[in-house]
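K.L.:
coords please:
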Amino acid sequence: MFNWGKSLPIAALVAFVAFGGPSQAETVSQQDAAGVQSSEEILLTIEVVAEAGLTQKFTLSQLRAMGAESFETETIWTTGVQRFTGVPLVDLIAPLEVKQGVLQARAVNDYMIEIPLSDAVEGGPIIAYERNGKTMPLRSKGPLWLVYPYDSNPAYKTEAIYSRSIWQLESLSIATVTE
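P.N.:
Have a look, this model is predicted:
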């Protein structure tokens, strides 16, 4: 079984809750280091389909707490080299201990794409929450964008990979394959 606690600080964990619809703006109440209560919007929901009721929701602070990776690359949707910072997909999926299956990624506008779990590798895509050092608003493909390091590997410059580069990402649903 997996343990989210291995990957996230206890203060960053959110209780498992039922999956909310894309139109629901959810917040979670957190206490910062100074003991001040604040509310933060849920940006990403991950659901494991094979595990009934297993859902994890992440705020920006929680995603940042997971550790960040940055790379520079050009994209077909932007002009010039861009610097993206976010959580490596491999690190986000690792605590689930799922080795085979498919991620179904959904955007705010209900665009959906299937991504093989085999894409979640070291040096692979990240769930970017910053572009060029700034958070991304909804109008600028944010707040989350699954970005591949297109310039680092020719295999990342294909129509299939471009179609998986989902922006305004709000949820990942994992359909596991049993061995």
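K.L.:
Packing partners of the strand or helix carrying Ala105?
P.N.:
For Ala105, the element it lies in under DSSP states H and E is strand 101-107. Helices and strands touching strand 101-107, by 3 or more Cβ pairs under 8 Å, 6 or more residues apart in numbering; DSSP states H and E, are strand 112-116, strand 169-176. Where C-beta positions appear, they are placed from N, C-alpha and C, glycine not excepted.
K.L.:
Please repeat the previous calculation with a cut-off of 10 Å.
P.N.:
strand 37-48, helix 89-93, strand 112-116, strand 145-147, strand 169-176 (3 or more Cβ pairs under 10 Å, 6 or more residues apart in numbering; DSSP states H and E).
K.L.:
Mind listing what's buried along the following helix or strand past the fourth one?
P.N.:
Right, strand 145-147. As assigned by DSSP H and E, the chain's next helix or strand after strand 145-147 is helix 159-164. Within helix 159-164, the residues that qualify as buried are 161, 164, counting by 16 or more other Cβ atoms under 10 Å.
K.L.:
ok, and what's touching helix 159-164?
P.N.:
Residues outside helix 159-164 that contact it (Cβ atoms under 10 Å, 6 or more residues apart in numbering): 75-77, 103, 105, 111, 113-116, 119, 125, 146, 148, 150, 153, 155-156, 158.
K.L.:
in this structure, what secondary structure element scores lowest on mean pLDDT?
P.N.:
strand 27-31 (a mean of 48; mean pLDDT, DSSP states H and E).
K.L.:
And the nearest residue to Ser140 once chain neighbours are set aside, what's its pLDDT?
P.N.:
With sequence-adjacent residues excluded and distances taken as Cβ to Cβ, 6 or more residues apart in numbering, Ser140 is closest to Arg131, at 7.4 Å. The model reports Arg131 with a pLDDT of 98.
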